[in-house]
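> please find the sequence and the predicted model below.
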Amino acid sequence: IIQEFNESSNSYSILQQTLNEIIEVDHDAIMTTQEAIREIQRDTTLDSTSKSKAIRDIQMPPKKTEAQHMISLSDDERSAAVLTWKDAPKCSHYECNCVIIAACCNSVFQCRICHDDHISSHKIDRFATARVICKSCDTVQPISNECINCSIEFSDYYCNICKLWKSNDSRGTFHCDKCGICRIGIKENYFHCSPCGLCIPISTANDHLCLIDKYKQDCPVCRNDLQTSREAVVTMLCGHPIHQECLSQLFSSGSIPRCPMCKKSVQNFDTFWDSIQNEIDAQPMPPAAETGAPEFVQIICNDCETSNPSAPFHFLGIRCQECASFNTTISSKAQVIT
């Protein structure tokens, strides 16, 4: 009985000590959380909405994705982690039967774009990728286009240089050594223009405006790099390049589509200019004395870059007397003629 009592007493002491340690840890955590909340409340640079969000994130931290969890691990912990293709976030960019293991952080992703979408601390070096995981048998292996275990083919198109796998490649893809990356399209339909620094359609070889490093810049609308873009790139009438989708946005803006760089018309609008003139002819301006509007104004044409000191004014538009364009601007220093 005495022995059982002593054993019970020892167990109770151990339990009590453990509880005290837990309470002490919880108390420290509570004090740290409360101090962080007080710091947020004292911050005069935050509005009430930002303070509420910051406090909520402290009290209920957002759940980490598997990719973010892998990033938070130490190098030794990541090396010891069991990698599986199921850890990769869903991908909307490419279809293939493997996932990549990013060399920079040992995390699993469906493609390089997914890595940069989910990880904000760094960008992936696509050329450094050395391992993949088969989606069929979950085997980790060196890069190739065929699984070393189950022999399944990973994709219809594979580039050993860019570390790119693409299935259902209906638009075609080819690698350009001069560009240094893969391009979308049928290789036979493109040629690399060295001065421009990009592969362009052969159909435009004789009439495209060739400019030094024309494509080594950002899109003037979305500000994303044009040379490495996955989106189609076109050239406006002025010679400046732009994403085709961004050009479509200019057309849907409700105003004359003009190059964001030089303000010139993005294409030939002669027919459209004539239609504006027909509307002007059908509804001439009332006498200036009745409307208070000027009869003539000084303009600058954005298309031909000429200045006209006495262009006829109309609320529908003012036509350039040199090139017949309506892409004109009333000079801010103009002497209005009435």
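Arrived safely.

> now do the SS call for W165.
On the three-state scheme (DSSP: H, G, I helix; E, B strand; the rest coil), W165 is labelled strand.

> so it makes contact with S155?
Yes - here W165 reaches S155: they are 3.8 Å apart, a contact under CB atoms under 8 Å. (Glycine included, C-beta is placed from N, CA and C.)

> quickly list what's touching both of the two.
Counting by CB atoms under 8 Å, 6 or more residues apart in numbering, the shared contacts of W165 and S155 are C96, N97, C98, N145.

> quick revisit: which one's more surrounded, W165 and S155?
Comparing W165 with S155 by neighbour count (other CB atoms under 10 Å), the higher total belongs to W165, at 25 against 18.

> any idea how far that one lies from H175?
For W165, the distance to H175 equals 13 Å [CB to CB, to the nearest Å].

> just the helices in the stretch 151-300 of the chain please.
In the stretch 151-300 of the chain, the helices defined using DSSP state H, counting those that start in this stretch lie at 244-251, 270-282, 288-291.

> just those: most buried one?
Mean neighbour count (mean count of other CB atoms under 10 Å) peaks for helix 244-251 among those, with a mean of 15.

> show me what the mean pLDDT comes to for that one.
The pLDDT scores in helix 244-251 average 90.

> only C-alpha atoms, please: export it in CSV.
Taking Å, rounded to 0.1, in the frame of the first residue of the first chain, the C-alpha atoms of helix 244-251 are listed here in CSV:
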residue,chain,number,x,y,z
GLN,A,244,-2.4,41.4,-78.1
GLU,A,245,-4.9,41.2,-75.2
CYS,A,246,-3.7,44.6,-74.0
LEU,A,247,-4.3,46.0,-77.5
SER,A,248,-7.8,44.6,-77.4
GLN,A,249,-8.4,46.5,-74.1
LEU,A,250,-7.4,49.8,-75.9
PHE,A,251,-10.0,49.1,-78.5
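
> what helices or strands is that helix leaning on?
When contacts are defined as 3 or more CB pairs under 8 Å, 6 or more residues apart in numbering; DSSP states H and E, helix 244-251 packs onto strand 233-235.

> do you know how far the residue lying closest to H192 once chain neighbours are set aside is from F313?
Computed as CB to CB, 6 or more residues apart in numbering, the closest residue to H192 that is not its neighbour in sequence is K178, at 4.6 Å. Distance of K178 to F313, given as CB to CB: 52 Å.

> the two - which one has more neighbours?
When neighbours are counted by other CB under 10 Å, F313 comes out ahead of the other of K178 and F313, with 20 against 10.

> next, count neighbours for the nearest residue to Q110 once chain neighbours are set aside.
Spatial nearest neighbour of Q110, chain neighbours left out: C91 (3.2 Å); criterion: CB to CB, 6+ apart. Residues within reach of C91, counting by other CB under 10 Å, total 15.

> residues in contact with C91?
F109, Q110, C111, I113, C114.

> dump those into a markdown table; add distance to G239 and neighbour count as well.
Converted to a markdown table, these look like this (distance: CB to CB, whole Å; neighbours: other CB atoms under 10 Å):
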| residue | distance to G239 | neighbour count |
| --- | --- | --- |
| F109 | 38 | 26 |
| Q110 | 37 | 22 |
| C111 | 33 | 23 |
| I113 | 30 | 16 |
| C114 | 35 | 24 |
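
> what's the closest of the residues you listed to C134?
C134 lies nearest to Q110 out of these, by CB to CB, at 13.1 Å.

> where are the low-confidence patches of the protein?
1-31, 59-81, 289, 332-338 (pLDDT under 70).

> quick check: chain neighbours aside, which residue is closest to the spatially most central residue of it?
Centroid-nearest residue in the chain: N224, 6.2 Å away (criterion: CA atoms, centre = their mean). Nearest non-adjacent residue to N224, counting by CB to CB, 6+ apart: D218, 6.3 Å away.

> sec struct for A36, please.
Assignment for A36 (three-state DSSP): helix.

> now for N160, how many residues are close by?
10.

> quick check: it touching F154?
No - in this structure, N160 is not within contact of F154 by CB under 8 Å, at 11.8 Å.

> on that earlier part again, tell me, how many residues neighbour the residue nearest to N224?
For D218, the neighbour count with other CB under 10 Å is 13.

> what distance do you get for it to R319?
Taking CB to CB, one finds D218 at 34 Å from R319.

> equivalent analysis for T228, please.
T228 is 41 Å from R319, by CB to CB.

> the more surrounded of the two?
The neighbour comparison of T228 against R319 (other CB under 10 Å) goes to R319, with 22 against 11.

> skipping adjacent residues, who's closest to that one in space?
Closest to R319 by CB to CB, 6+ apart is F326, at 5.5 Å.

> what of C210?
P195 (5.2 Å).

> and L198, by the same measure?
Y215 (3.9 Å).

> the one you found: neighbouring residues, count only.
20.

> kindly report the same for E153.
So E153, with other CB under 10 Å, has 15 neighbours.

> got it, and T84?
14.

> I figured it was touching V108, is that so?
Yes - T84 is in contact with V108 according to CB under 8 Å; the separation is 7.3 Å.

> returning to what we had before: turn the helices of the stretch 151-300 of the chain into a markdown table, columns for distance to I55.
Compiled in a markdown table, the helices of the stretch 151-300 of the chain are given as follows (distance: least, CB to CB, whole Å):
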| stretch | distance to I55 |
| --- | --- |
| helix 244-251 | 39 |
| helix 270-282 | 56 |
| helix 288-291 | 59 |
